[in-house]
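*Asks:* Kindly return the folded structure for what I paste below:
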Amino acid sequence: MNLKDEKRLAVLLLAQLEVCEGDNIRIITKGDCKSLVKTLHELSKIMGFFIKNNSNNINKYVCIIGEVSPSLDSPAKRYSISEDTCKKIYEESLRKKLVTVFYPTKELARIAGISLADLRDLFYSSLRLENIGEANRLEKSLSDGNVVRITGEKTNVTFSIQRRRASIEQINIPQGEVFVAPRKYTVEGRIYFNVPIKELGIFDVCLYFSKGKVKDYSCSGKPKILEKIITKDSGSCYVGEFGVGFNKNVIPIGLSVIDEKSYGTIHLALGQSYGNESGINNSTMHVDFVKTKPNVFVDGKRILQGGTFVI
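*Replies:* Below you'll find the model as predicted:
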């Protein structure tokens, strides 16, 4: 492991969290993340913040995820934390006092079907964002726009984003997406996602929408998992998020938390909405489905052509 990369990650994480002297931080981990936690403890002595193991007087959170459970029962069970802590983390995310790091471990490399060395190379390369100008233009286009249309392989879907504010995502590492919440009942049409979600064992997902709701669906692999996502609760059959990836140092590997950042991809998330429009759709689910090489139009103006930005 390159200790310089590890320290660079820790410094980026703390900068993103806007850590100040005297802050009380709780670190929640899932999987083998000891090296990063050790680096954060070392920096706490230099920077004057405190790392605590309980919830008393905590004002910022760091979640380091190196393992993804296939459980769909709740976010808490997915990341092996208490329901109260999960609720607190969600509340802090709304105030941007939370950073989640999806950390390269042997387990995530196994799920992706690549070596740990390759996963680390991808992850640490992804920390460099080289085209923030395109992201800013995309954020403005989506915030000013009314109707989005996505076309491509087996895909023709539309939805309204009228009076929605787009965001450049800032609470996750890797970074690299602009996202917005569609108006709940406006999604119409069919969309095919060619990037698998390997941790859930679902591939070639196709969703059919009418009046915002998933009316039909298909996939290969484990269709019962897809069915469980869609039928989990009253919000899980609606789209909570539309996002576009802009990180040129990410390639899809079958882990949606990384794949959704890949340059020129789009994703729709079924379930909970976050960011500026948090709570527009409520659900215990938030599952991202990723598509490469899409064509995307905002109010008839093309912004992506086959996965390449044209704005």
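*Asks:* make it CA atoms for all contacts and neighbour counts henceforth
*Replies:* Fine.
*Asks:* where does the stretch 151-300 of the chain dip in pLDDT?
*Replies:* Applying pLDDT under 70 to the stretch 151-300 of the chain flags residues 275-279.
*Asks:* Helices of that one, start to end?
*Replies:* Counting by DSSP state H, counting those that start in this stretch, the segments of the stretch 151-300 of the chain that form helices are 223-231, 256-259.
*Asks:* Contacts for the longest one, please.
*Replies:* The one in question is helix 223-231. Outside of helix 223-231, the residues within contact range by C-alpha atoms under 8 Å, 6 or more residues apart in numbering are 72, 200-202, 214, 219, 236-237, 270, 285, 287.
*Asks:* Determine which two of those residues are furthest apart.
*Replies:* With distance counted by C-alpha to C-alpha, no two of the contacts of helix 223-231 lie farther apart than Gly201 and Val214, which are 19.9 Å apart.
*Asks:* So for these two, which residue has more residues nearby?
*Replies:* Under the neighbour definition other C-alpha atoms under 10 Å, Gly201 and Val214 were set side by side, and Val214 has more, 21 against 17.
*Asks:* So what sits opposite that one in the bridge?
*Replies:* Phe209 (DSSP bridges).
*Asks:* Next, count neighbours for Leu142.
*Replies:* As a measure of burial, Leu142 has 24 neighbours, counting by other C-alpha under 10 Å.
*Asks:* which residues sit in contact with the nearest residue to it once chain neighbours are set aside?
*Replies:* Distances taken as C-alpha to C-alpha, 6 or more residues apart in numbering put Ala166 closest to Leu142, at 5.9 Å, once the chain neighbours are dropped. Ala166 is in contact with 139-140, 142-143, 178-181, 276, counting by C-alpha under 8 Å, 6+ apart.
*Asks:* wouldn't Cys219 be in contact with Ile202 here?
*Replies:* Yes - counting by C-alpha atoms under 8 Å, Cys219 touches Ile202, with 6.5 Å between them.
*Asks:* which secondary structure element contains Leu129?
*Replies:* Using DSSP states H and E, Leu129 sits within no helix or strand.
*Asks:* separation between it and Pro174?
*Replies:* Note on Leu129: its distance to Pro174, by C-alpha to C-alpha, to the nearest Å, is 10 Å.
*Asks:* before we move on, the earlier item: tell me which of the contacts of Ala166 is nearest to Lys60?
*Replies:* Distances from Lys60 to those, taken as C-alpha to C-alpha, are shortest for Asn276 (19.4 Å).
*Asks:* Ser143: neighbouring residues, count only.
*Replies:* Counted by other C-alpha under 10 Å, the residues lying close to Ser143 total 18.
*Asks:* Let me see the residues that make contact with the host helix or strand of it.
*Replies:* Using DSSP H and E, Ser143 sits in helix 132-144. Identification of contacts with helix 132-144 by C-alpha under 8 Å, 6+ apart yields 161-168, 177-180, 246, 298, 303, 309, 311.
*Asks:* State the three-state secondary structure for Thr39.
*Replies:* helix (DSSP: H, G, I helix; E, B strand; the rest coil).
*Asks:* doesn't Arg8 make contact with it?
*Replies:* No - here Thr39 does not reach Arg8: they are 10.0 Å apart, not a contact under C-alpha under 8 Å.
*Asks:* the more surrounded of these two?
*Replies:* Between Thr39 and Arg8, Thr39 has the larger neighbour count (other C-alpha under 10 Å), namely 17 against 13.
*Asks:* And that one, what's its pLDDT?
*Replies:* The score at Thr39 is 95. That number is its pLDDT.
*Asks:* next one: the one 10 residues further on
*Replies:* In the predicted model, Phe49 carries a pLDDT score of 95.
*Asks:* Roughly how far does it sit from Val180?
*Replies:* The spacing between Phe49 and Val180, counted by C-alpha to C-alpha, is 33 Å.
*Asks:* just Arg149 next, same as before
*Replies:* For Arg149, the distance to Val180 under the criterion C-alpha to C-alpha works out to 14 Å.
*Asks:* Tell me which of these two has more neighbours.
*Replies:* Between Arg149 and Val180, counted using other C-alpha under 10 Å, Val180 has the larger neighbour count: 27 against 21.
*Asks:* mind checking how far the nearest residue to that one once chain neighbours are set aside is from Tyr274?
*Replies:* Once flanking residues are discounted, Val180 sits nearest to Ala166: 4.5 Å by C-alpha to C-alpha, 6+ apart. Taking C-alpha to C-alpha as the measure, Ala166 and Tyr274 are separated by 11 Å.
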